[in-house]
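In: below is the structure, and that's it, no one-letter string:
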Ligand code: NAD
Ligand code: MN
């Protein structure tokens, strides 16, 4: 074993379904990368998820968060199993980590990778290069609400969207900073303040206030329904986007489809203050229809691992991993099924490892 001068502690939480398949592939690629780097990873695997739930009645142990609090980052797969209701799996694991670790900025890049043809006619790679920032701690997914008169004709169900001044301000500031760091310095603020006349109006006001500290960033405001059209019809007019928890959840699945497949889309759930570890994951779910078959596209996880490297301060290694992914998509002979090829998870993983080796340090 060669000596490493930096060791990063990574919590691996594959979760359910294809999450287990793609995270294992991600760890394989990180192991290949680490062989050529002065740093290394110390990976701890956690078997939390629906199997764990069926045995113990909880998705993760009571002290689960304490077990991972001291890690440098978390690599996550997916929460969701046909045998367990989705709101239990999601809240019991993924949201239990995101919210309590205050990972309030969910960063979702979308780019047309070399060799990938998206569904948009005449959309060149340089026409689609976006980052969506999703508010990740409150809003529509605050978890506030309840059900009353359950099962009776007068039953009521409430999911109350909660927006706080502090919560909106911090995600706006994060989005402006990110927009400023990109060449176009362009931020689109997504809203629905025509129909939602309280919190979303406050959202707009705070965006404008924070914007005064960023005179060099150009902004525009877009209603979320109109935003879906703009993403399809004028992709080149978009760069950085900030949106509420629900809005960005939906828009980023659309963004993923426009770049070829949900299977390549990556994300980081970021705690910018670094009080807690941040969590990196593909945006897709457990994919019940293909789980266990070994054919899931692992590229979303590889891209998420590249974001993780960047967050850990290893931006060069992150770029090297992205270049390896792009060499594989660009060559086009080893593509997973959702991108029109017939390679399985293992073949795509091996191709990216090979590209890393060929690419050198
Ligand atoms: P999904 O992302 O699991 O699947 C949607 C479609 O995309 C399916 O046809 C699937 O086969 C395909 N797909 C997704 N990822 C793929 C990949 N890597 N390679 C190839 N094809 C891929 O979404 P869903 O069907 O709405 O949800 C299934 C389960 O996953 C539910 O339990 C849901 O709650 C959960 N889920 C979890 C997360 C998360 O933990 N972050 C995110 C989304 C959905
Ligand atoms: Mn989603």
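Out: All right, it came through fine. Fair warning: this is a prediction, and the values are worked out from it, not measured in the lab. Ligands and ions are numbered 1, 2, ... in the order given.
In: count of residues packed around the closest residue to residue 24 other than its chain neighbours?
Out: Once flanking residues are discounted, residue 24 sits nearest to residue 14: 6.7 Å by Cβ to Cβ, 6 or more residues apart in numbering. Yep, even glycine has a C-beta here, placed from its N, CA and C like the rest. When neighbours are defined as other Cβ atoms under 10 Å, residue 14 has 24 of them.
In: which ones are touching residue 14?
Out: With contact set as Cβ atoms under 8 Å, 6 or more residues apart in numbering, residue 14 has these partners: 20, 22, 23, 24, 45, 49, 76, 77.
In: surely it forms part of a strand?
Out: Yes. Assessed with DSSP: H, G, I helix; E, B strand; the rest coil, residue 14 lies in a strand.
In: near ligand 1, which residues of the protein? Just list them.
Out: Contacts of the chain with ligand 1, taken as Cβ under 6 Å from any ligand atom, map to 18, 22, 78-80, 86, 89-90, 94, 262-263, 281, 284-290, 296-297, 300, 338.
In: which residues in the stretch 151-300 of the chain form strands?
Out: Here the stretch 151-300 of the chain has its strands, by DSSP state E, counting those that start in this stretch, at 156-162, 186-191, 218-223, 240-243, 266-270, 278-282.
In: may I ask which helix or strand encompasses residue 118?
Out: For residue 118, there is no host helix or strand (DSSP states H and E).
In: how near is it to residue 325?
Out: As defined by Cβ to Cβ, to the nearest Å, residue 118 lies at a distance of 16 Å from residue 325.
In: repeat that for residue 8.
Out: 20 Å.
In: can you count the residues close to the residue in the stretch 151-300 of the chain that ligand 1 sits nearest to?
Out: In the stretch 151-300 of the chain, the residue that lies nearest ligand 1 is residue 285 (2.2 Å; Cβ to the nearest ligand atom). A count of neighbours around residue 285, defined by other Cβ under 10 Å, yields 21.
In: now do the contacts for it.
Out: Listed by Cβ under 8 Å, 6+ apart, the contact set of residue 285 reads 17, 78, 79, 80.
In: hang on, the earlier thing: buried ones only from the contacts of residue 14, please, as a PyMOL command.
Out: This is the PyMOL syntax for the buried subset of those, where burial follows 16 or more other Cβ atoms under 10 Å:
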select buried, resi 20+22+23+24+49+76+77
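In: in strands, which of the contacts of residue 14 fall?
Out: Those of these mapping onto strands are 45, 76, 77, per DSSP state E.
In: ok, the first one touching residue 15?
Out: Spelled out, it's residue 45. No. Using Cβ atoms under 8 Å, residue 45 is not in contact with residue 15; the gap is 11.5 Å.
In: could the strands of the stretch 151-300 of the chain go into TSV alongside mean neighbour count, mean pLDDT and distance to residue 99?
Out: Shown next, in TSV, are the strands of the stretch 151-300 of the chain (neighbours: other Cβ atoms under 10 Å; pLDDT from 0 to 100; distance: least, Cβ to Cβ, whole Å):
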stretch	mean neighbour count	mean pLDDT	distance to residue 99
strand 156-162	12	97	12
strand 186-191	23	98	21
strand 218-223	15	98	27
strand 240-243	28	98	18
strand 266-270	24	98	10
strand 278-282	28	98	11
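In: tally of neighbours for the closest residue to residue 257 other than its chain neighbours?
Out: By the measure of Cβ to Cβ, 6+ apart, the closest residue to residue 257 outside its immediate chain neighbours is residue 119, 6.9 Å from it. Residue 119 is flanked by 11 other residues according to other Cβ under 10 Å.
In: show me where this protein has helices.
Out: Ranges of helices in the chain, per DSSP state H, are 18-34, 50-56, 64-68, 86-89, 95-100, 165-181, 199-211, 224-233, 245-258, 299-311, 315-331, 345-359.
In: before we move on, back to that, which of the ones in strands among the contacts of residue 14 sits closest to residue 229?
Out: Closest approach to residue 229 among these (Cβ to Cβ): residue 76, at 31.9 Å.
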